[in-house]
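Q: got a sequence here, can you model it:
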Amino acid sequence: MNSNLTKIMAYLSCDGHLYKDLSGFYLSAKSKSDLLDFEQIVFNEFGLTGKYYTHPNSVLTLRFFNSIISNYLFSLGVPRGEKVKSCFSVPDSILNNTEFARDYLKICFFCEGCKYKHTIRKEVIQICFSKHETLLEDGLHFLNSLKQMLLLFDISTTNIWYTKSKIAKKDGSFCYVIKMKVSMKDTDKFIKEIGWYR
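A: Modelled structure (predicted):
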């Protein structure tokens with residue numbers, strides 16, 4: 001494990017995607033600037049160059065096609081296919097390493113987190129993930145892993161909670177949105193220790 005691999009794994013576990021057939025992987029974003037970091041990290045680690053695609057809904061994707069590297073990433077613990085219906089966790093090699101935990105957390109909060117004003121002087125940092133109703137426990141376990149990594153930096157969080165999605169899937173099943181906030185007293189510490197992209 002190294003810093004580049006940690007960041008790639010975090011990206012693909014959040015806004016990214018590892019193809020189910022392991023033929024490649026990609027990251028989606030609304031602007032090219034949000035993809036440049038991922039592009040550089042993948043090139044530094046694997047020497048791969050990707051291709052940009054623009055979709056009708058204005059979402060931009062940076063795609064890499066390489067089955068050998070995709071299989072390698074899957075062997076490290078990156079989920080493949082639809083993540084909301086996949087079981088995955090933070091590997092121990094990241095979970096118990098302060099440097100890698102910082103890298104992983106920074107990307108996760110960049111992709112799935114938000115920061116908003118609670119009062120004039122206080123900001124709230126929150127992160128949320130969606131999980132299929134049959135995999136709620138897996139989603140709770142994943143957020144608990146993030147909670148555990150934040151404690152490496154003495155950053156506390158609220159209790160984890162979840163709400164049921166109001167929109168059903170085509171098969172009639174539902175997803176849960178699982179959330180957690182950084183304690184307001186540790187907001188400044190989070191920004192100092194982990195960082196904040198936006």
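Q: would you map out the domains in this structure?
A: If the domains of the chain are taken from automatic domain parsing, they occupy 3-81, 92-193, with pieces of a single domain joined by a plus sign.
Q: now tabulate those in JSON lines and tack on mean neighbour count and mean pLDDT.
A: Every C-beta, even on glycine, is put in place using the N, C-alpha and C of the backbone. As requested, these are exported to JSON lines (neighbours: other CB atoms under 10 Å; pLDDT from 0 to 100):
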{"stretch": "domain 3-81", "mean neighbour count": "17", "mean pLDDT": "93"}
{"stretch": "domain 92-193", "mean neighbour count": "16", "mean pLDDT": "89"}
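Q: what's near enough to touch residue 117?
A: Contacts were defined as CB atoms under 8 Å, 6 or more residues apart in numbering; by that measure residue 117 touches 123, 124.
Q: mind running it again at 7 Å?
A: Contact partners of residue 117, counting by CB atoms under 7 Å, 6 or more residues apart in numbering, are residue 123.
Q: go on, the one 5 residues further on?
A: Residues in contact with residue 122, defined by CB under 7 Å, 6+ apart, are residue 184.
Q: swap in residue 133?
A: Contacts here follow CB under 7 Å, 6+ apart; on that basis residue 133 touches 173, 174, 175, 176.
Q: relative to residue 178, how far out is the closest residue to the second one other than its chain neighbours?
A: For residue 174, ignoring the flanking residues on the chain, the nearest one in space by CB to CB, 6 or more residues apart in numbering is residue 133 at 4.9 Å. Taking CB to CB, to the nearest Å as the measure, residue 133 falls 12 Å from residue 178.
Q: again with residue 160
A: Taking CB to CB as the criterion, residue 160 is separated from residue 178 by 6 Å.
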